[in-house]
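Asker: sequence first, then the predicted structure, then my questions.
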Amino acid sequence: LFLSSAKDVGAPPESVAEVHVNLGQICVRQKDPAGARGHFNEALESRELSVASVNLALLTLSEGQAAPKEKGGQGQMNLSNLEEAIAHCKRALAAKDGDARSEEMASKILADAERALNAYTLAQLVENDKTFPQPRGTMDR
């Protein structure tokens, strides 16, 4: 209701975008990732806000977490989620909206996500390279 009223009276896009970010953060707290994603994307349609992109990166990473190995999962991040989070962080840094906290967070997430992506890529190369010495699993006696 508030958002439609704000648009009807011609509220500036900056204000509408910030309301969407706040609503997205409420959705995250209420464990509604689809609602959160919708609000963060709505915010970005109104205005480039680094905080919206950072929140999308964090949401994407949380959705891509696999169950740990000790609980029967693969224990690694979904590759497409890593790539998507990297794209959100780059968008946050490109926003240049003066939000130093969000820019710092985007930089940290970006560095971690790229490191994880590089480790995954290296592991895949080693696993698929038949000339690379493979671990034997047990020692010969």
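Answerer: That came in fine, so what should we check first?

Asker: name the SS class of Asn81, please.
Answerer: Taking DSSP: H, G, I helix; E, B strand; the rest coil as the rule, one finds Asn81 in the helix state.

Asker: dump the residue contacts of it.
Answerer: Contact partners of Asn81, counting by Cβ atoms under 8 Å, 6 or more residues apart in numbering, are 60-61, 63-64. Glycine gets a C-beta too; all of them are placed from N, C-alpha and C.

Asker: quick one: name whatever helix or strand follows the lowest-mean-pLDDT helix or strand in the chain.
Answerer: For the chain, the helix or strand with the lowest mean confidence is helix 2-8, at a mean of 59 (criterion: mean pLDDT, DSSP states H and E). Counting by DSSP states H and E, the next helix or strand C-terminal to helix 2-8 is helix 13-29.

Asker: output the contacting helices and strands for that next one.
Answerer: Contact analysis of helix 13-29 by 3 or more Cβ pairs under 8 Å, 6 or more residues apart in numbering; DSSP states H and E lists helix 2-8, helix 33-46, helix 50-64 as its packing neighbours.

Asker: next, format the ones you listed as JSON lines and append distance to Asp97 and mean neighbour count.
Answerer: Putting these into JSON lines (distance: least, Cβ to Cβ, whole Å; neighbours: other Cβ atoms under 10 Å) gives the following:
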{"stretch": "helix 2-8", "distance to Asp97": "20", "mean neighbour count": "11"}
{"stretch": "helix 33-46", "distance to Asp97": "11", "mean neighbour count": "18"}
{"stretch": "helix 50-64", "distance to Asp97": "5", "mean neighbour count": "22"}
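
Asker: out of those, nearest to Ala17?
Answerer: Taking Cβ to Cβ as the criterion, Ala17 comes closest to helix 33-46 out of the helices and strands packed on helix 13-29, the separation being 3.9 Å.

Asker: re earlier: by mean pLDDT, show me the worst of the helices and strands packed on helix 13-29.
Answerer: Between the helices and strands packed on helix 13-29, the one with the least mean pLDDT is helix 2-8; it has a mean of 59.
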